[in-house]
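Chemist: sequence first, predicted model second:
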Amino acid sequence: MALDKMRNIGIMAHIDAGKTTTTERILFYTGKIHKIGEIDDGQATMDWMAQEQERGITICSAATTTYWRDHQINIIDTPGHVDFTAEVERSLRVLDGAVAVICAVDGVQPQTETVWKQADEFNVPRLAFMNKMDRIGADFFGSMNDVHEKFGVDCLALQIPIGEGQDFEGVIDLLKMKELRFEGDEGEIVKESDIDPSRKAQADEWHEKLVEMVAGADDSLMELYLDGKEITIDQLKKAIRTGTINRAYVPFIMGSARHNQGVQPLIDAVVDYLPCPTDVPPAKGIKVKKDSEENVEVPCDATKMPLGLVFKIQYDREMGPLCYVRMYSGKIQAGTQIFNMNKKKRERVNRILRMHADKSEAMDSLSAGDIAVFIGLKLAQTGDTIGSEAFNVLLEQPKFPEPVISVALEPESMSEKDKMNETLKILSCEDPTFSYHEDAETGQLIISGMGELHLDVLVTRMRDDFGVKCNVGAPQVTYRESVSSTAEVSEEFSRVLAGKENTAGLKIKVSQCETGSGNIYSITCKTANIPEEIIQAINSGFASAFNSGIKYGYPCTDVKVEVTDIVYNELTSTTFAFEACAAQVFDKACNAANPVILEPVMNVDISCPKEFVGPASSQLSQRGGNIMGQDSKVSGEVIHATAPMANMFGFTTNLRSATQGRASFSMEFSHFQLKAGGLNNY
């Protein structure tokens with residue numbers, strides 16, 4: 001398939017906005033599936049996991065490929081729940097364009113903001129599909145204005161509705177200036193008709209707005225517009241495509257996916273306006289040389305050296321790890337050897353598969369611009385760059401948020417322990433926001449994730465999919481440790497082991513850095529006469545020390561460490577001595593720099609009817625929450641607040657009791673802050 005005929009897109013939105021339902025209709029109208037499956041019945045093609053079918057939500061991003069008007073469309077359906085935000089993050093990292101599904105009733109919802117920011121971070125061009133136009137309270141123009149105000153983007157209406165809510169019967173296409181209605185049992189017949197005279201004035205007004213906005217971003221069209229000359233549909237389409245790719249505006253399509261209305265024009269818009277792999281800027285990478293690194297661009301060209309990014313790992317009982325790969329350059333054949341740049345190891349690609357949710361078909365090779373699954377890679381992890389040893393370039397790895405909630409896990413019997421550890425290893429490979437470790441003091445196995453639902457899903461998968469019998473403890477908050485002042489400390493290590501003297505000496509400066517900046521580590525002294533393996537040992541020692549914490553064993557954050565002096569003796573210094581010395585000097589310096597304990601703070605959004613704003617706010621205030629603001633929506637009020645995660649367990653029950661079950665809330669991690677009462681209150 002020619003690159004200009006290819007589209008790599010993601011479907012993203014708030015939970016329940018209709019992403020999976022929209023994807024299901026796209027697959028049906030493009031002929032990929034022959035029967036529409038509904039989420040409510042657990043039959044949706046893209047929600048293939050047992051957990052997804054039971055809960056009625058998308059948990060892991062599913063990939064599929066379909067064809068429309070001789071174009072290949074690779075689609076990734078992403079989750080909407082905030083606990084699975086990493087799935088959205090890694091999908092957007094490798095996609096060229098995105099469709100943001102927005103609820104016509106609620107407009108911009110909390111998780112819509114999160115995914116929109118993620119798309120901004122990766123400069124992903126997008127178009128918006130205003131879903132649920134047939135619901136009571138649907139307001140196309142109000143919701144479009146909400147997007148404009150919240151995100152500061154220009155919204156380009158390609159259609160306007162014929163009726164709204166229960167009166168919604170179709171759309172007016174502002175390019176063709178025709179009315180479109182969707183008929184037949186499955187809405188498969190798109191019926192065009194002339195615009196009704198009663199709607200002509202409004203259609204002309206919005207057509208004029210469309211031409212004005214498109215011409216405003218295109219110099220050649222602006223000349224025609226100012227001269228009063230006619231602008232053709234093809235000229236408009238070409239300019240809209242350019243403006244969308246340059247993110248000058250966001251085109252808006254509308255419909256009701258659940259009732260099979262408006263999806264075919266959406267697929268047309270994906271082909272017409274979203275970028276192909278060569279329309280977006282080349283991928284950026286770092287060329288690794290013997291003693292230096294150089295920033296390079298990687299053009300999307302199948303004739304160049306092979307280079308791809310593993311953006312997702314999924315475990316299959318029969319085939320082992322499925323590595324989802326986006327190729328950025330060159331071509332990789334099935335059965336050939338590839339080089340993993342991060343692991344510096346060679347591996348063989350046994351098979352290449354084109355995925356359709358949980359089904360697959362074999363491919364001979366994967367070329368630049370395309371997405372597929374590699375079978376046979378044992379060492380690959382999410383974020384690894386694969387390709388050829390001759391072209392040693394590292395692509396930028398996706399960044400994932402820190403886990404904020406933990407539970408203790410124990411096997412029902414000792415015979416289950418090995419099976420449980422093996423399963424945890426597989427799950428942590430699949431999901432970068434899930435981690436596990438053994439508590440040194442209690443001996444308990446602690447698993448950590450993004451939220452209560454996230455951990456609940458993972459534990460249920462362990463029991464049902466992997467057959468691990470285990471018990472789960474009460475949820476615990478994952479705290480962090482940091483320092484609140486500066487300390488400069490030196491440490492010398494000397495020990496005789498097996499008759500050989502091991503020595504090392506380090507001087508470091510520890511200080512607090514800006515909230516949210518993570519740990520910063522550097523060696524500022526001269527290292528010309530010090531062997532590379534010693535430097536590696538020092539790095540390794542500090543990396544372990546950051547994870548081991550200061551007083552309570554929680555990982556450190558926002559700590560800056562500068563190594564200002566290294567005492568090296570070529571006769572007695574060893575890697576072991578420097579690793580141990582690094583741990584000791586870190587411990588000593590951090591304890592001298594007034595250690596503090598930090599707790600995770602969450603952004604909380606509560607949706608409730610107007611009459612329950614008082615009781616809902618009161619419930620949050622009782623848990624130490626701070627109300628930041630309030631929005632009025634058609635569906636009710638939205639309260640924006642922050643609250644310590646430790647106080648939010650069991651909040652759902654209290655909130656429902658106080659609001660007669662009519663309020664709901666969503667949470668996402670915001671930042672770590674000093675725990676009230678400090679270390680004494682721990």
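Modeler: Looks like it arrived, so ask away.

Chemist: low-confidence ranges, the chain, go.
Modeler: Within the chain, the stretches with pLDDT under 70 are 1, 37-62, 79-86, 110, 290-292, 357-358, 440-442, 634-635, 677-682.

Chemist: quick one: the strands in the stretch 351-500 of the chain?
Modeler: Using DSSP state E, counting those that start in this stretch, the strands of the stretch 351-500 of the chain run over residues 351-356, 359-363, 365-367, 371-375, 385-387, 393-395, 405-411, 435-438, 445-449, 470-472, 476-477, 480-483, 487-497, 500-512.

Chemist: gap between residue 599 and residue 479?
Modeler: Counting by C-beta to C-beta, to the nearest Å, the gap from residue 599 to residue 479 is 6 Å. (Each C-beta comes from the backbone N, C-alpha and C, glycine too.)

Chemist: more crowded one of the two?
Modeler: Neighbour totals were compared for residue 599 and residue 479, and residue 479 leads with 22 against 19 (other C-beta atoms under 10 Å).

Chemist: so that one makes contact with residue 674?
Modeler: No. Residue 479 sits out of contact with residue 674 when judged by C-beta atoms under 8 Å, with a separation of 11.0 Å.

Chemist: quickly list what's touching both of the two.
Modeler: Common neighbours of residue 479 and residue 674, using C-beta atoms under 8 Å, 6 or more residues apart in numbering, are 597, 598, 599.

Chemist: one step back: what's the most buried one of the strands of the stretch 351-500 of the chain?
Modeler: Sort these by mean neighbour count, taking mean count of other C-beta atoms under 10 Å, and strand 385-387 sits at the top with a mean of 25.

Chemist: helices or strands next to the helix or strand that residue 583 is a member of in the packing?
Modeler: Using DSSP states H and E, residue 583 falls within helix 575-592. Contact analysis of helix 575-592 by 3 or more C-beta pairs under 8 Å, 6 or more residues apart in numbering; DSSP states H and E lists strand 487-497, strand 500-512, helix 532-548, strand 559-567 as its packing neighbours.

Chemist: tabulate these in JSON lines, adding columns for distance to residue 253.
Modeler: Output for the helices and strands packed on helix 575-592, formatted as JSON lines (distance: least, C-beta to C-beta, whole Å):
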{"stretch": "strand 487-497", "distance to residue 253": "59"}
{"stretch": "strand 500-512", "distance to residue 253": "49"}
{"stretch": "helix 532-548", "distance to residue 253": "47"}
{"stretch": "strand 559-567", "distance to residue 253": "48"}
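
Chemist: which among these is found nearest to residue 93?
Modeler: In terms of C-beta to C-beta, the element of the helices and strands packed on helix 575-592 nearest to residue 93 is helix 532-548, at 24.2 Å.

Chemist: residues in contact with that closest one?
Modeler: Contacting residues not belonging to helix 532-548 are listed as 506, 519, 521, 523, 527, 555-556, 559, 561, 563, 566, 568, 573, 575-576, 578-583, 586-587 [C-beta under 8 Å, 6+ apart].

Chemist: export the lengthiest helix in the chain to CSV, keeping only CA atoms.
Modeler: As assigned by DSSP state H, the longest helix anywhere in the chain is helix 197-216. Taking Å, rounded to 0.1, in the frame of the first residue of the first chain, the C-alpha atoms of helix 197-216 are listed here in CSV:
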residue,chain,number,x,y,z
PRO,A,197,-35.8,26.3,2.3
SER,A,198,-36.4,26.7,6.1
ARG,A,199,-32.8,25.7,6.8
LYS,A,200,-31.1,27.4,3.8
ALA,A,201,-30.3,30.7,5.6
GLN,A,202,-28.6,28.9,8.5
ALA,A,203,-26.7,26.6,6.1
ASP,A,204,-25.5,29.6,4.1
GLU,A,205,-24.3,31.4,7.2
TRP,A,206,-22.3,28.4,8.4
HIS,A,207,-20.9,27.7,4.9
GLU,A,208,-19.6,31.3,4.8
LYS,A,209,-18.0,30.8,8.3
LEU,A,210,-16.3,27.6,7.0
VAL,A,211,-14.9,29.3,3.8
GLU,A,212,-13.7,32.2,5.9
MET,A,213,-11.9,30.1,8.4
VAL,A,214,-10.3,27.8,5.8
ALA,A,215,-9.3,30.8,3.6
GLY,A,216,-7.8,32.5,6.7
